[in-house]
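**Q** Model the structure of this input:
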Amino acid sequence: MTDKNDAIIEAARARFKEARDVEQVHIDRGVSDLIFANGEGQWPEEERRQRDLEGKPTLTFNRFPQFIRKVTGQIRNMNPAIKVSPADDSGTEDVAEVYEGLIREIEYRCDGTSIYEAAAESAAQCGIGHFRIRSEYCDEYSFNQHILLERIFNPFAVFYDPRAKEPTRSDAEFAFVIEEIGKERFKDEYPKAAIADFTQDHLSQHQMYWTKADNVVVAEYMWREYDEMEIAITPDGYVMKGPFPAGMEFSRKRTVKKPRVMWVKMTATEILEGPTRIPGKFIPVIAVTGEEIHIGEEVYRSGVVRFAKDAQISYNVMRTTAIETILLQPRAPYLVTAKQVQGVEAMWGKANTANRPYLVYNPDERAARPQRESPPLASQGLMQEAQIAVEDMKATIGIYDASLGARSNETSGIAIQSRQREAEVATSVYSDNMVKAVAHAGRVIVAMIPEIYDAERIVRVLNADDKEKMIAINTVVQSEEGPVTQNDMQSGAYSVRVSVGPTFASKRAEASDGMMSFLQAIPTAAPIIGDLVAGAQDWPDSDRIAARLKKAIPAQLLEDDEQDEEQDPQVMQQKMMAQQQAAQEQQQQAQMAQMMQESEVRKAVAEAEKATADAKRAQADARKADTDAQLSAFELNVAQRAPMLAMPGQRNF
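**A** Predicted coordinates for the structure are as follows:
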């Protein structure tokens, strides 16, 4: 092991101890919250043990899932979208669009929406959740890499720099991601690595966390280092990086620190993989936090469950006690004398447990027949206290009946929506923190893209309407001014923001509903905008319907629309491109027509030559037939005269 690796291990041990000591109290509280939210631990342990000994019930009526689902449902309806825009004069809108398309493709390929939502749901339940960003090779035969989003399932497996204060932990200088690996799997993956002694008396305080039973705790350790360099600005405003040429004059100079992120995978005693540099300048592990309260330098972190626990416990106790009282009503004791049950004590001893058709008793002249004592009555106070406990839960969390779908005093839609928005405001910290995490994820990806997509290649991007297309990046083309790089991913700075709202399909459906409502309110507008309404629908042949309706619109209105479109630079650019494409198509069609015309001429010439040859052949055949006919007639004449010339003694007169 090199001295450098020794230094990394020692620094990692010290930093991990510091982070774990600070985070342990949050882990304990978070684990308790998760267990409580899942319906366990909702009775004090001593109370449960005592009631079990007495044979009394300890019922649990877990009300938390509906509150948690309300918060997480609000998060699922947000649909955060990362937007990229140029941040300096070197950036362009076209490259920013490529950045956006790449990010959408990464989110689609990795199911980023589910990753964001899972981290936010964990924050709502136990106060914190995490996800990460990394890169890998596209396949086993490629040197090209792509970026991935990954979910971190265990919310207590990540330890950040305790001095990080941002909700996303974007200001952390180091972070650990812990994983427990089985001993056999560890040997298979790292056959040369040593396994620390599992007997705790031989382990240091650092090592005790790194081995558990038959598992080995492996950590991914990420930290930031800084390279110092000097920059200067020339009198004409040009910024240069050092070292500088001798004798050159500058207006100002200053020293800056450029961060780089390092990564290793390690056990308590040795480095298994790395050290390796991670692309970008941020530690690519992102936190989604719940509500954090800073009390001086101390932080108190909580989720939906934390402050409503006592109300849930009170509700369980009151409901259980009320049910217990009601169950005792058919088990009220009988008033009997000793003589009445003498000899049949066994039968009367099971009167409240066995379903008997009759009970035998001995008559006693000094007492009436056996009868039950008046049963206990259910307490109205218990039910009221249970209801108060439910209201306490709602008030503590900030979600009331109207937000949970129950009927309320509000009758108008506006009033109901106002009540629902009140609940959304009360729990908005969870959705806001998720948006902050998604925005930071966008910044991490934007910082990684220039290093991951650093060569000329074809990449797939997604448009805002989820239509995919292939784009060439870092392509060098020749222009009048010399070589120019198209879609240069290495130049320019870009900023990130997040927009929250419905998806493209939802926007289209919402626009369609709005148009239909508008037509119901103003039916006279149908002849004017009917084509636009039909074009916005998802019906089959809606475009054909829109085209037919457009023919009935007055020409003046269409001319106004065309004039408005002509004044739009984007429309003008699209028209120019369409005209160029049309000109190319016309040229191709002219070439095709000329080729077809030449082909027809050649065909006509060939047919004419064939017809001439056929005519000559026909003439030759006619002459041959005439000759054959003449020859046949001569032969016939000769044949008829031959017998007359051959008769003996005949004389001619």
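**Q** what's the domain layout of the chain?
**A** 504-553, 567-637 (automatic domain parsing).
**Q** By mean pLDDT, show me the worst of these.
**A** Lowest mean pLDDT of these: domain 567-637, a mean of 65.
**Q** quick one: the strands in the stretch 201-350 of the chain?
**A** 211-212, 215-233, 239-241, 252-266, 271-278, 285-289, 291-295, 298-302, 334-335 (DSSP state E, counting those that start in this stretch).
**Q** for the chain, which residue is closest to the average position?
**A** Central residue of the chain (CA atoms, centre = their mean): Thr113, 1.7 Å from the mean position.
**Q** so that one sits in a helix?
**A** Yes. Assessed with DSSP: H, G, I helix; E, B strand; the rest coil, Thr113 lies in a helix.
**Q** what's the nearest residue to it if we skip its chain neighbours?
**A** In space, Thr113 comes closest to Glu107 once its chain neighbours are excluded; the distance is 6.8 Å by CB to CB, 6 or more residues apart in numbering. C-beta coordinates here come from the backbone N, C-alpha and C atoms, glycine included.
**Q** hang on, that neighbour in a helix?
**A** Yes. Counting by three-state DSSP, Glu107 falls inside a helix.
**Q** what's the burial count for Asp89?
**A** 8 (other CB atoms under 10 Å).
**Q** try Pro80
**A** Pro80: 22 neighbours (other CB under 10 Å).
**Q** Look up the closest residue to it, ignoring the ones flanking it.
**A** Val438 (4.5 Å).
**Q** right, and the one you found touches Val498 too?
**A** Yes. The pair Val438 and Val498 qualifies as a contact (CB atoms under 8 Å) at a distance of 5.3 Å.
**Q** tell me, what's touching the two both at once?
**A** 80, 82 (CB atoms under 8 Å, 6 or more residues apart in numbering).
**Q** hang on, the earlier thing: now for the strands of the stretch 201-350 of the chain, which one comes closest to Ala611?
**A** With respect to Ala611, and counting by CB to CB, the nearest of the strands of the stretch 201-350 of the chain is strand 271-278 at 81.8 Å.
**Q** and the closest one, how far out from the chain's middle?
**A** Chain-centre distance of strand 271-278: 29 Å, with CA atoms, centre = their mean, to the nearest Å.
**Q** How about stretch 65-77?
**A** 17 Å.
**Q** I'd like the average pLDDT over that stretch.
**A** Computed over stretch 65-77, the average pLDDT equals 80.
**Q** For it, output the C-alpha coordinates as CSV.
**A** Only the C-alpha atoms of stretch 65-77 are listed here, as CSV (Å, rounded to 0.1, in the frame of the first residue of the first chain):
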residue,chain,number,x,y,z
PRO,A,65,-50.5,6.1,5.5
GLN,A,66,-53.3,8.5,4.4
PHE,A,67,-51.3,11.5,5.5
ILE,A,68,-48.1,10.3,3.9
ARG,A,69,-49.9,9.4,0.7
LYS,A,70,-51.3,12.9,0.6
VAL,A,71,-47.8,14.4,0.8
THR,A,72,-46.3,12.0,-1.7
GLY,A,73,-49.3,12.3,-4.0
GLN,A,74,-48.7,16.0,-4.2
ILE,A,75,-45.0,15.3,-5.0
ARG,A,76,-46.0,12.9,-7.8
ASN,A,77,-48.2,15.5,-9.5
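**Q** Give me the buried positions along that stretch.
**A** 67-68, 70-72, 74-76 (16 or more other CB atoms under 10 Å).
**Q** between these, which is closest to Cys126?
**A** Closest to Cys126 out of the buried residues of stretch 65-77 is Ile68 (10.6 Å), distances taken as CB to CB.
**Q** show me what contacts the closest one?
**A** 37, 121, 124-125, 304-305.
**Q** In helices, which of those fall?
**A** Among those, the ones falling in helices (DSSP state H) are 37, 121, 124-125.
**Q** Now the element after the worst-scoring helix or strand of the chain on mean pLDDT, going C-ward?
**A** Within the chain, confidence by mean pLDDT, DSSP states H and E is lowest for helix 413-426 among all helices and strands, at a mean of 55. Remark: after helix 413-426, the chain's next helix or strand is helix 428-452, criterion DSSP states H and E.
**Q** what helices or strands is that next one leaning on?
**A** helix 64-76, strand 80-86, helix 93-110, helix 112-126, strand 128-137, strand 145-152, strand 285-289, strand 494-500 (3 or more CB pairs under 8 Å, 6 or more residues apart in numbering; DSSP states H and E).
**Q** Report pLDDT for the residue nearest to Thr113.
**A** 92.
**Q** Report how many residues lie close to it.
**A** 23.
**Q** check contacts around the closest residue in space to Ser431 that isn't next to it in sequence.
**A** Nearest-residue entry for Ser431: Ile75, 5.3 Å, with adjacent residues in sequence omitted and distances by CB to CB, 6+ apart. Contacts for Ile75 (CB under 8 Å, 6+ apart) come out as 117, 120-121, 124, 430-431, 434.
**Q** again, 6 Å this time
**A** When contacts are counted by CB atoms under 6 Å, 6 or more residues apart in numbering, Ile75 touches 117, 120, 431, 434.
**Q** Low-confidence ranges, the stretch 301-450 of the chain, go.
**A** Under the criterion pLDDT under 70, the flagged ranges of the stretch 301-450 of the chain are 327-332, 351-355, 373-379, 400-426.
**Q** Just give me the neighbour total for Ile471.
**A** Ile471, neighbours per other CB under 10 Å, totals 17.
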